[in-house]
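[1] Got a predicted structure here, sequence first:
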Amino acid sequence: MAHTHAHTTSRTSQLLSRLGLSASTICAIHCMAMPFLLGVLPTLGLGFLASGWFELAMIGISVVLGAITLGTSYRLHQKINPIVLLTSGVVVLLFNFFGHESHSELAEQLHPYIAGFGAMMIATSYYINNRLCKACERCEHDHAH
């Protein structure tokens, strides 16, 4: 019975990891494309994609999924690199989010690129974690993929 629970937990963790990788990659694309889409989004009814609350929600999702997925994997792999990369990416995103309104023209211009960099750091943390899971003999993940 314990093996079934571990297998279910690992499938859930694997699903969350894929979701986190997808979400952070979409976040990076969103950040990089935003300067080009600002004028078009409101006419398409997608103005909310440029709002601060949407950006904070995406950061929050990355933190929650990362804490669950990478925290669970750390217990198996004992590799801190994905967690350090995730944490660094979140710090970059938060500093960028709260610092870009410093009334500095340079900070405003660099905002989408710094946000994209932070999101790519998070996506990379999920990617590294997925690679660790596929190479891990102790890991209960389904290695058929």
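    On my side now, so go ahead. The structure presented is a predicted model; accordingly, all values stated were derived computationally and were not measured.

[2] what sits against Leu94?
    Going by CB atoms under 8 Å, 6 or more residues apart in numbering, Leu94 touches Ile59. (C-beta placed from N, C-alpha, C; glycine too.)

[3] And for Leu70?
    Contacts of Leu70 (CB under 8 Å, 6+ apart): 82-83, 86, 125-126, 129.

[4] Any regions of this protein where pLDDT drops low?
    1-11, 13, 30-32, 34-44, 46-51, 100-103, 138-145 (pLDDT under 70).

[5] how about 50 then?
    1-8, 141-145 (pLDDT under 50).

[6] For the host helix or strand of Pro82, C-alpha coordinates in PDB please.
    Element membership of Pro82 [criterion: DSSP states H and E] is helix 81-99. C-alpha atoms of helix 81-99 as PDB (Å, rounded to 0.1, in the frame of the first residue of the first chain):
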ATOM      1  CA  ASN A  81      20.800  23.700  -7.400                       C
ATOM      2  CA  PRO A  82      17.100  23.800  -8.600                       C
ATOM      3  CA  ILE A  83      16.000  25.400  -5.300                       C
ATOM      4  CA  VAL A  84      18.700  28.000  -5.400                       C
ATOM      5  CA  LEU A  85      17.900  28.800  -9.100                       C
ATOM      6  CA  LEU A  86      14.100  29.000  -8.300                       C
ATOM      7  CA  THR A  87      14.700  31.300  -5.300                       C
ATOM      8  CA  SER A  88      17.100  33.500  -7.300                       C
ATOM      9  CA  GLY A  89      14.500  33.800 -10.100                       C
ATOM     10  CA  VAL A  90      11.800  34.700  -7.700                       C
ATOM     11  CA  VAL A  91      14.000  37.300  -6.000                       C
ATOM     12  CA  VAL A  92      14.800  38.800  -9.400                       C
ATOM     13  CA  LEU A  93      11.100  38.900 -10.300                       C
ATOM     14  CA  LEU A  94      10.100  40.500  -7.000                       C
ATOM     15  CA  PHE A  95      12.900  43.200  -7.100                       C
ATOM     16  CA  ASN A  96      12.000  43.900 -10.700                       C
ATOM     17  CA  PHE A  97       8.300  44.100  -9.900                       C
ATOM     18  CA  PHE A  98       8.600  46.500  -7.000                       C
ATOM     19  CA  GLY A  99      11.600  48.400  -8.300                       C
END
